[in-house]
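Undergrad: this one's sequence-less:
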């Protein structure tokens, strides 16, 4: 009895489905539809990956162009300045994009077969490694920076590259061009303050042995009545300074 | 009149892809009881389950061209069923359902047991059925797929879209939950 009921219900569902198919109320998607869907998802994943790598690359570029990487070799004082000048918002955006990418790839078989934390960490590491390689191994960023200086970049990229140069915190680091070298001191033309200041070693027993006129430098130290007492001086890329107006 | 009964699920799916709707009708019949039983673990109202079954088959037909006939058909349709039932539960409860699955965040080692042997044990199936109602929903599903639907670890991983290790750890916890359920029913069983 129960079996008869089951059979009629089964037939009923099958018949209903087949009737819908027959009356074209339900149509199967073509293979092309699925191919396009997979291609679209892959393209989206590739786009997010590219943006993630690019942002990672930009973080490394900012550290390089501003000479902030050198701060890490200056002990606790250097680290504390580094943590203040690091572009955290870019790193957070990059991590968020890596998380979004991990979510996108979980829709593919190769994505969900690994724990999501592994997928996320692998993508974040790949983005940062790719970003580092892009900055160190290609002239892309330097070219784009020059294009931005000429005002030749589109809106978002223009903002990005024009914002790449960051003035260091003025209580502990200074940047500029060496305009003269004297015995035991040198003069620094600081575009952030539009003035020239004297730099002397914080420790009088030390001297500046490798500072030359025309170099762009990052000086770590403190200022007292217009004189910078330097703990360390690092040569940085000349592009770290914004172009001067004629 | 074509003889569909001797055809495998995958052959019927291929025939459906080629435009044979009667072959799809046979698949509908073949899976109805199993999917209905599976649906009972998510929903309790018979009419809801029947509506959901219809929805599952419609989705399956629409998406049949995405099915790779070199793979097994049952995990594919169970994946559709899982999504359909979970979506319905979400809609009904208006609350997140299985949204954060910490088991799938980290890697877990696979349990060293023979999956085929375990799932063939009829007595075990009956015991699982008895304790199922007292097991949390998260673990209930993996028990059903493993013991009653006889899917392998990999197939369950594909249905739930979680790593293999997650299936292993979830099944282990499901067995522990079953043991607790038996204890409250003054029963015991060794898995």
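TA: Right, received. Where do you want to start? This structure is a prediction, so every number in the text was calculated from the model and none was measured. Numbers count the residues shown, from 1 in each chain, chains lettered A, B, ... in the order given.
Undergrad: Identify the residue nearest residue A:49 in space, chain neighbours excluded?
TA: Counting by CB to CB, 6 or more residues apart in numbering or on different chains, residue A:101 is the residue found nearest to residue A:49 once chain neighbours are left out, at 6.0 Å. Bear in mind the C-beta positions are built from the backbone N, C-alpha and C, glycine included.
Undergrad: For the residue nearest to the spatial centre of chain B, which three-state class applies?
TA: Centroid check for chain B by CA atoms, centre = their mean gives residue B:145 as the closest residue, at 4.1 Å. Classification of residue B:145 using DSSP: H, G, I helix; E, B strand; the rest coil returns helix.
Undergrad: what does residue A:206 give?
TA: Assignment for residue A:206 (three-state DSSP): coil.
Undergrad: isn't the residue nearest to residue A:49 right up against residue A:47?
TA: No. Counting by CB atoms under 8 Å, residue A:101 sits too far from residue A:47 to count as a contact (9.6 Å).
Undergrad: and residue B:61, what helix or strand is that in?
TA: helix B:46-62 (DSSP states H and E).
Undergrad: is any part of that helix close to chain A?
TA: Yes. Judged by CB under 8 Å from any CB of the partner chain, helix B:46-62 comes into contact with chain A at B:50, B:53-54, B:57-58, B:61-62.
Undergrad: Residue A:101 and residue A:47: which is more packed in?
TA: Using other CB atoms under 10 Å in any protein chain shown, the more surrounded residue of residue A:101 and residue A:47 is residue A:101, with 25 against 12.
Undergrad: tell me which residues in the strand or helix carrying the more buried one are buried?
TA: When elements are assigned from DSSP H and E, residue A:101 belongs to helix A:88-105. Neighbour counts over helix A:88-105 (16 or more other CB atoms under 10 Å in any protein chain shown) mark A:90, A:93-95, A:97-102, A:104-105 as buried.
Undergrad: How about stretch B:41-51?
TA: B:41-43, B:49-50.
Undergrad: which one among those gets closest to residue A:199?
TA: Lowest distance from residue A:199 to these (CB to CB) belongs to residue B:42, with 73.0 Å.
Undergrad: for that closest one, phi and psi?
TA: phi -100, psi -40 (degrees, to the nearest 10).
Undergrad: Surely it and residue B:87 touch.
TA: No. The pair residue B:42 / residue B:87 is not scored as a contact, 10.1 Å apart, by CB under 8 Å.
Undergrad: Could you check the pLDDT of residue A:165?
TA: pLDDT recorded at residue A:165 is 86.
Undergrad: show me what contacts the closest residue to it other than its chain neighbours?
TA: Residue nearest to residue A:165 in three dimensions, not counting chain neighbours: residue A:242, with 5.6 Å by CB to CB, 6+ apart. For residue A:242, the contact set (CB atoms under 8 Å, 6 or more residues apart in numbering or on different chains) comprises A:149, A:165, A:191.
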